[in-house]
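# got a predicted model here, sequence first, then my questions.
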Amino acid sequence: MMIRVHYIILLLGLLVLSCKKDDPAAPLMLNKIYINSDEIDINAGIVQDVNVNPIIRLIFSEPIDQESLNEGVRLLDNSQTVAVNTSLAAEDKTINLVPQNKLENFTVYTLQITNELRSKAGSNIGAVEFTFKTVAGALQLESLIVNESEVLNLDIVPNVPLTLEMELNFTEPVKRSTLESAVSLTGLNVPALSFAYANNDQTVKVSATSNLSYLSKYSFKISRNLESVDGANFGGFSNHLFTLLDSTYKFPELSDEELLTLVQQQTFKYFWDFGHPVSGLSRERNTSGHTVASGASGFGLMTIPVGIERGFITRSEGVERLSTMINFLGDKAERFHGAWSHWLHGETGKAKPFSQKDDGGDLVETSFVAMGLMTVRQYLNEMEASEKSLIDKINTILDGIEWDWYRQGGQNQLYWHWSPNYGWDKNMKISGWNEAMITYFMAATSTSHAIPKEVYEEGWTRSGNFLNGNEYYGITLPMGHNYGGPLFFEQYTFLGIDPHNLVGSHGESYWEQVVNHTLINREHCVRNPKGYVGYSKDCWGLTASDGYEGYSAHSPTNDRGVITPTAALSSFPFTPVESMEALKHFYYRLGDRLWGPYGFYDAFSIQDEWYATSNIGIDQGPIVIMIENHRTGLLWDLFMSAPEVQSAMNLLGFTN
């Protein structure tokens, strides 16, 4: 089951912000220890025959606090501290420890994990230690050179040429018959290896007989079966090689305008060709069967004027589809005090539970539908009878949304859910900053169930406490979470609301917010503090999406190495140059892996060799809409032309 983007982000944010200091953190446990490629049993006594250039990996149950590393993990030689380099990997659950200098032969070392080591949640680990003994006179790998760079102490080697050439230098001459069986390379389309010997067989050059695949992960290993000419044993070695990007274009080059049109047209097919055959509404994802999503359908409504204006469909075709969708939403779709559920059955309109107790009205999803309805209403021509009837229908639907009901008894606060079976049990407040600003805004547009300004001020802005003002990567963030959170926070509300020159009641600049949040997100990917393979100035964009471990709200503070194309592409109005660079990278250089029948697949992780085959409605819609807002401002002009929108602007204290 897909975890809803905005729901899970807000929930996680509330949990983080509101958790009490005495809440128990998950216990920190040491799951596994590896020295080079060998898993270690610390209960088996002294570990023998360890390479004098070891890479030690400590794998824990919880993410590790970076600041606790220095005191939390120590390598000792007879109680003397050995200088080591430590780093975190695998979502900060793995500590990589590498001695800064080669260890002494035939020496016993102790690795201590002290109770100073703690998880990010604050839990500690009981003291653990184990000892190992290096091999006196054993065959050692003294250096490993790839692409003229020494990589012996690197667990992950980036930017490996597709024409692989490696130089291995050993402390003693190797026995050729054992070396060629001990060396292995595994990965995608692995070529045969050739070997050349020099320096009295202490130096071995290993070459691939054909090119490796681009942006791919290969595991390089030398097993313990290797021997020297004199019979000395080898302790084993392994690391991972990541190949370079193949910069050749995977598709013919187009002009920038042609490329933008192609992306819009291909992505529009998700809503047009793959729209539900009965309701016309947008399926949750490309594997959802009859399950349609109300929020994605709101975005789908907004794509139809784009499709008409771009010539992807005729106006009559577009009006016919709008008629199907609008009549289904108004007459057949189950509603709860005017609000739709998150999921609906596309044939019957019956609500489908999204999660436990979430089987009724979803006010945030409803606000996306309302924004879409108001936008297309402004597009329709009241002089045409068929279109006038749709305008009237939309007005009736909008008037029926009881925004004020979701104040839960008249509080100065909107609530996300109400269920006929569970009432207000979910008790989830809608507060800023996140994607739900549009919920308060649409509630203020209502001509029948509007909220007063104090509901917006106390419920959403928290009397101004949604402001930030700090710098991240040297860029000021006016509002919201540290580093801004996932990019959909800045995209969903501003599909309709034009943030240009928009200033709020606390003096906050929304244009500065949307631009700077996007730039912070991109700069994080450029600086790449976790060292993920593939991140660059052209390959950026962290937002909620599918991932190799499942659905997650990716952001600088939840960076799992997953890039989501919608993040950069739906930012076109805010960062047109940077978004175009990303688009060209995704299409021309990675298009053979990312481009599908409905545009770009949802997400990818180069480091984990994972590429989605999924499309998700709430990720697809903003691509079509925001590229059009960048090109012509069509959806902004339509939505902002609604008289109710201008009334809401005045009510809530916005100026533009």
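Cool, got the structure. Numbers count the residues shown, from 1 in each chain.

# dump the residue contacts of the residue nearest to residue 387 when sequence neighbours are not counted.
Closest residue to residue 387 apart from its sequence neighbours, by Cβ to Cβ, 6 or more residues apart in numbering: residue 380 at 4.2 Å. For the C-beta atoms, the positions are set from N, CA and C on the backbone; glycine is no exception. Residues near residue 380 by Cβ atoms under 8 Å, 6 or more residues apart in numbering: 319, 322, 387-388, 390-391.

# equivalent analysis for residue 115, please.
124-127.

# try residue 125
Applying Cβ under 8 Å, 6+ apart to residue 125 gives the contacts 28-30, 60, 113, 115, 117-118.

# compare these and tell me which is most surrounded.
Comparing these on neighbour count, residue 117 comes out first with 26 neighbours (neighbours: other Cβ atoms under 10 Å).

# list the contacts of the closest residue to that residue other than its chain neighbours.
Nearest non-adjacent residue to residue 117, counting by Cβ to Cβ, 6+ apart: residue 72, 2.8 Å away. Residue 72 makes contact with 64, 113-114, 116-118, according to Cβ under 8 Å, 6+ apart.

# of those residues, closest to residue 616?
Nearest to residue 616 out of the contacts of residue 72 is residue 64 (Cβ to Cβ; 31.6 Å).

# my guess is that closest one meets residue 113, correct?
No: counting by Cβ atoms under 8 Å, residue 64 does not reach residue 113; the two are 10.6 Å apart.

# now residue 436: how far from residue 336?
Using Cβ to Cβ, to the nearest Å, one gets 18 Å for the distance from residue 436 to residue 336.

# who has more neighbours out of these two?
A direct count of neighbours by other Cβ under 10 Å for residue 436 and residue 336 places residue 436 higher, at 25 against 21.

# the more buried one contacts residue 430, correct?
Yes: the criterion here is Cβ under 8 Å, and residue 436 meets it with residue 430 at 5.0 Å.

# name the nearest residue to residue 146, ignoring sequence neighbours.
residue 166 (5.3 Å).

# that neighbour: what's it in contact with?
144-146, 205-207, 220.

# give me the contacts around stretch 438-452.
Against stretch 438-452 from outside (Cβ under 8 Å, 6+ apart): 338, 363-364, 366-368, 370-371, 374, 398-407, 414, 430, 453, 455-456, 459-460, 492-493, 496-497, 642, 644-645, 647-648, 651-652.

# list buried residues within those residues.
In these, burial by neighbour count holds for 338, 363-364, 366-368, 370-371, 374, 398, 401-407, 414, 430, 455-456, 459-460, 492-493, 496-497, 642, 644-645, 648, 651-652, counting by 16 or more other Cβ atoms under 10 Å.

# of the contacts of residue 115, grab the buried ones for ChimeraX.
A single ChimeraX command selects the buried members of those (16+ other Cβ under 10 Å):
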select :124,125
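
# quick one: least confident of the contacts of residue 115?
Model confidence across the contacts of residue 115 bottoms out at residue 126, which has 84.

# let's verify it: helix, strand, or coil?
coil (DSSP: H, G, I helix; E, B strand; the rest coil).

# still on that earlier bit, just send the contacts of residue 166 back as JSON lines, with pLDDT and neighbour count too.
Shown next, in JSON lines, are these (pLDDT from 0 to 100; neighbours: other Cβ atoms under 10 Å):
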{"residue": "144", "pLDDT": "97", "neighbour count": "22"}
{"residue": "145", "pLDDT": "97", "neighbour count": "16"}
{"residue": "146", "pLDDT": "95", "neighbour count": "21"}
{"residue": "205", "pLDDT": "97", "neighbour count": "14"}
{"residue": "206", "pLDDT": "97", "neighbour count": "21"}
{"residue": "207", "pLDDT": "96", "neighbour count": "15"}
{"residue": "220", "pLDDT": "96", "neighbour count": "22"}
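
# strands - which of those residues land there?
Of the contacts of residue 166, the ones assigned to strands by DSSP state E are 144-146, 205-207, 220.

# which single one of the residues you listed is nearest to residue 191?
residue 207 (9.3 Å).

# does that closest one have beta-bridge partners, and which?
residue 165, residue 194 (DSSP bridges).

# ok, now which ones touch it?
Residue 207 neighbours (Cβ under 8 Å, 6+ apart): 164-166, 193-194, 196.
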